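Undergrad: Need the 3D shape of this:
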Amino acid sequence: MDMSQRRAGAFTLIELLVVVSIIALLIGILLPSLGSARDSARSIQCLANLRTLGLTIQQFSDDNKGVLPRSSHSAGFSSLPWAATLYEPITGRPFEGTSYTWDNTGWWNATNTVYRCPHDRRESPIAQPGLPFSLPALSYGMNAYFELTMREIDPSYPGFSTTAPFRRVMATPHPTTTVLMGDITEASSKDHIMAHFWRTAGVEPTFEIASTRHGESSGYLYLDGHATNAELKETYEPESKTDQWNPMVNKLFQTQ
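TA: Coordinates of the predicted model:
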């Protein structure tokens, strides 16, 4: 084979640059699509997690005369908060700790899968500065309205109240439009959402709700068990008197 034949079978520098440019162009076109597909898959998994939690909570309620599990907002020494309470029904293994600080591989695995949205980049266990224990990375918070007394829901309520009127599922008149759980921010170490403070104390909902975790929306689980992605304003917006967090028919917006 002579030199001219060898040159004919080789790429020139210009041809190589053209090939590299085409590959770079294709990568530039495909990467956003791949990123979008990955984000969509994460959002789908998040909704699957919420539906699993909804089904498990319904089963718990059916076994406990309609009562909902508590969050750490009101769970005392006699009961575990919701994530620990649902651990055995979800995994088939008993929860053998006394709180969320239970240092167990199975527990941490559960909090990194069923209890955590894939968009939430944290991972259990999370060390607590200055404290000798770690806590789970829970992506979802329970609506605290279901644990509040009437006086907490409505500060103008006359008299003294100790009973939480919405502890049982059947007490909520519109379960299909009442939020049970929502995506919480990664800055939060709580397992509940104090949505009544948005109305009574002027707290911004985005202080608790991860409102842009799924692009411009976040995940919500409703009392009837269905889950969806929605913008925060679809669940709470005082201007339009939208409040899907307060279980009451009268949402207690201030009259003009």
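Undergrad: make it CA atoms for all contacts and neighbour counts henceforth
TA: OK.
Undergrad: What pLDDT does the model give residue 77?
TA: At residue 77, the predicted lDDT confidence score is 75.
Undergrad: give me the low-pLDDT residue ranges for the stretch 151-256 of the chain?
TA: 254-256 (pLDDT under 70).
Undergrad: That one: strands as residue ranges?
TA: 179-183, 192-193, 218-222, 227-230, 236-237, 242-243 (DSSP state E, counting those that start in this stretch).
Undergrad: and those strands as TSV, adding mean neighbour count and distance to residue 138?
TA: Formatted as TSV, the strands of the stretch 151-256 of the chain follow (neighbours: other CA atoms under 10 Å; distance: least, CA to CA, whole Å):
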stretch	mean neighbour count	distance to residue 138
strand 179-183	27	9
strand 192-193	26	10
strand 218-222	26	13
strand 227-230	20	17
strand 236-237	16	22
strand 242-243	20	24
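Undergrad: now for those, which one comes closest to residue 129?
TA: The closest of these to residue 129 is strand 192-193. By CA to CA, the value is 21.2 Å.
Undergrad: Paired strands for the closest one, with orientation please.
TA: strand 140-143 (parallel) (DSSP bridges).
Undergrad: Identify all contacting residues around stretch 41-60.
TA: Defining contact as CA atoms under 8 Å, 6 or more residues apart in numbering, one finds that stretch 41-60 is touched by 67-69, 86, 89-90, 114-119, 214, 219-229.
Undergrad: Pull out the buried residues from it.
TA: The neighbour-count check on stretch 41-60 (16 or more other CA atoms under 10 Å) flags 42-54, 56-58, 60 as buried.
Undergrad: Residue 20: neighbouring residues, count only.
TA: Residues lying near residue 20 (other CA atoms under 10 Å) number 12.
Undergrad: now the strand or helix carrying it: how far from the chain's centre is it?
TA: Assigned by DSSP states H and E, residue 20 falls within helix 13-63. Remark: helix 13-63 is offset 18 Å from the chain centroid, using CA atoms, centre = their mean, to the nearest Å.
Undergrad: quick check: angle from that helix to strand 179-183?
TA: Angle, helix 13-63 to strand 179-183, by axes from the mean of the first three to the mean of the last three CA atoms, to 10 degrees: 150 degrees.
Undergrad: Name the next helix or strand following helix 13-63 along the chain.
TA: helix 82-85.
Undergrad: Show me what that following helix packs onto, helices and strands only.
TA: In terms of contacts (3 or more CA pairs under 8 Å, 6 or more residues apart in numbering; DSSP states H and E), helix 82-85 is packed against no helix or strand at all.
Undergrad: Now it - C-alpha only, PDB.
TA: Presented in PDB, the C-alpha positions along helix 82-85 are these (Å, rounded to 0.1, in the frame of the first residue of the first chain):
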ATOM      1  CA  TRP A  82     -46.800   8.600  61.700                       C
ATOM      2  CA  ALA A  83     -43.600   7.500  59.900                       C
ATOM      3  CA  ALA A  84     -42.700   5.100  62.800                       C
ATOM      4  CA  THR A  85     -46.300   3.900  63.100                       C
END
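Undergrad: Fine by me, we can end here.
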